[in-house]
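Asker: here's a sequence, model it:
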Amino acid sequence: MRMCSIASGSSGNCIYVGSNNTHLLVDTGISKKRIEEGLKALELKGEDLDGILITHEHSDHIQGLGVFSRKYEIPIYATPGTIMGIKSYSGLGKMPEGLYREIHADEPFELGDVTVKPFAISHDANEPSGYRLEQGGKSVAVATDLGKYDSYTVERLKNLDAVLLEANHDIHMLEVGGYPYYLKQRILGDRGHLSNELSGRLLCDILHDNLKHIVLGHLSKENNYAKLAYETVKLEVTLADNEYKGEDLDMFVANRDTVSDIITV
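Answerer: The predicted structure is shown next:
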């Protein structure tokens, strides 16, 4: 399996996950042109895709969906609540018939030779979900837009080979920054986003010897820095009561504007 961040950040998200035979996107929150450029780096075209998995209906996850889907008519997989939210998005435009495919948290389904396992996440959207994808004994997951996590989340992220995990904000930067009070409370709340510290603690709960690749994603442009997220998560792992040290991790931060290195497991 391969995983690659085409874009990841508070301004737009699009992640590729696939096998030799099945090619999927998780979210299309950037322009059609940028999606196509990202796929080109993977030596793929839009018509090669077998499906688009949508986590939730916020614009930074679906703003390119209408234009991209109209061109390539790729099936769109999302929960009923997310589909309802997508359809009410003002920037969507008229969609071809029959593209929406309803899925449900904790009900796995097959796309080609990839098993997709949606799981519920805590975020201020209709019915948001993260995704675990498995093929050939390997598994990767995309887990962003988590206001909080619990044992349910940890269970669904165990025994991964690679993970893209949210490290959205530095708490101090957010608290002293220029965001209005209500927005700060939303981000810090149980249906908001994971801080760098919480990202590190969640990572500690899912670390094991075969988790070879960790990508930190969905960073806030205003309330975080890539270096700060990276060092904070490393420090959380080092200080935790486990056998792992932050400097031993194969970890990098996904960029909001450029395609990441391709992870192969």
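
Asker: for the rest of this, base every contact and every neighbour count on C-alpha atoms.
Answerer: Will do.

Asker: and the longest helix along the chain, what other elements does it pack with?
Answerer: Taking DSSP state H as the criterion, the chain has its longest helix at helix 226-239. Secondary-structure packing of helix 226-239 (3 or more C-alpha pairs under 8 Å, 6 or more residues apart in numbering; DSSP states H and E): helix 196-206, strand 251-253.

Asker: mind redoing it with 7 Å?
Answerer: With contacts defined as 3 or more C-alpha pairs under 7 Å, 6 or more residues apart in numbering; DSSP states H and E, the packing partners of helix 226-239 are helix 196-206.

Asker: buried residues, the helix it packs on. List them.
Answerer: Buried residues in helix 196-206, counted by 16 or more other C-alpha atoms under 10 Å: 196, 197, 198, 199, 200, 201, 202, 203, 204, 205, 206.

Asker: check stretch 108-118 too.
Answerer: 114, 115, 116, 117, 118.

Asker: export those to CSV and tack on pLDDT?
Answerer: Listed next are the buried residues of stretch 108-118 as CSV, based on pLDDT from 0 to 100:
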residue, pLDDT
114, 98
115, 98
116, 98
117, 98
118, 98
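
Asker: reformat those residues as TSV; add secondary structure and distance to residue 82.
Answerer: What follows is those, written out as TSV (DSSP: H, G, I helix; E, B strand; the rest coil; distance: C-alpha to C-alpha, whole Å):
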residue	secondary structure	distance to residue 82
114	strand	22
115	strand	20
116	strand	17
117	strand	16
118	strand	13
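
Asker: and of those, the nearest to residue 159?
Answerer: Lowest distance from residue 159 to the buried residues of stretch 108-118 (C-alpha to C-alpha) belongs to residue 117, with 13.7 Å.

Asker: so what's the residue nearest to that closest one when sequence neighbours are not counted up against?
Answerer: Spatial nearest neighbour of residue 117, excluding adjacent residues (C-alpha to C-alpha, 6 or more residues apart in numbering): residue 108 at 4.4 Å. Going by C-alpha atoms under 7 Å, 6 or more residues apart in numbering, residue 108 touches 115, 116, 117, 118.

Asker: so how far is residue 6 from the residue lying closest to residue 210 once chain neighbours are set aside?
Answerer: Spatial nearest neighbour of residue 210, chain neighbours left out: residue 161 (5.8 Å); criterion: C-alpha to C-alpha, 6+ apart. Taking C-alpha to C-alpha, to the nearest Å as the criterion, residue 161 is separated from residue 6 by 19 Å.
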